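Dropping the sequence and predicted coords here.
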Amino acid sequence: MDLLSQFQGVLGSLMLGGLFLFFFQVFQSLLKHKYLMLIWYIFQTIYFLGFAFGYYFFLCEYTFGIYNFFFTLSLILGALLYLIFYQKGVKRILDPVKEKIDKYVVSKEDKIKKIRQERKMKKLEKRKVKANNKKQKKKKDKIC
């Protein structure tokens with residue numbers, strides 16, 4: 001493998017390590033909520049598989065399918081650089097979006113809970129009315 005393809009592999013691995021964590025953080029802030037956990041686990045699996053295939057195709061294209069240990073080190077280094085320098089800024093940007101999603105999801109869940117609670121109350125009231133009607137009929141039958 002020539003020097004140019006090694007250089008491209010190392011720089012690409014650095015960038016892909018950072019991009020991997022960036023998109024993971026974005027998707028985590030958008031999808032990892034109390035009511036969306038099943039979607040989060042499914043998406044997380046698909047995301048990791050997609051990233052692994054994408055990284056494999058990257059290595060095949062730029063390094064001609066030759067894999068060296070320093071590609072892994074540069075991938076990890078790219079992820080660490082993202083964590084050290086960029087994570088706080090991205091989190092600061094994504095927090096308002098996450099709060100809006102939380103309000104929307106929680107408000108929908110609260111509406112569903114209210115509807116369910118109202119239905120339960122209506123059922124209880126119907127049962128009470130039926131029970132009272134039965135008692136009144138029994139009293140009328142005893143009087144007659």
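Looks like it arrived, so ask away. Numbers count the residues shown, from 1 in each chain.

hey, where'd the helices end up in this structure?
Per DSSP state H, the chain carries helices over the ranges 3-31, 37-63, 69-81, 87-143.

which of the residues in the second one are buried?
If you call a residue buried by 16 or more other CB atoms under 10 Å, then helix 37-63 has these buried ones: 40, 43, 47, 55, 58-59, 62-63. The way it works is simple: take the backbone N, C-alpha and C, and place the C-beta from them, glycine included.

Can you tell me which residue is spatially central in this structure?
The chain has residue 31 as the residue nearest its centroid, 2.5 Å off, counting by CA atoms, centre = their mean.

residues in contact with the nearest residue to residue 81 once chain neighbours are set aside?
Closest residue to residue 81 apart from its sequence neighbours, by CB to CB, 6 or more residues apart in numbering: residue 18 at 6.0 Å. Contacts for residue 18 (CB atoms under 8 Å, 6 or more residues apart in numbering) come out as 78-79, 81-82, 86.

quick one: low-confidence parts of this protein?
Counting by pLDDT under 70, the ranges of the chain that qualify are 34-35, 105-109, 140-144.

related to what we said a few turns ago, would you mind giving me the ChimeraX syntax to select the buried ones in the contacts of residue 18?
The command below creates a ChimeraX selection of those among those that count as buried (16+ other CB under 10 Å):
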select :78,79,82
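
No further questions, thank you.
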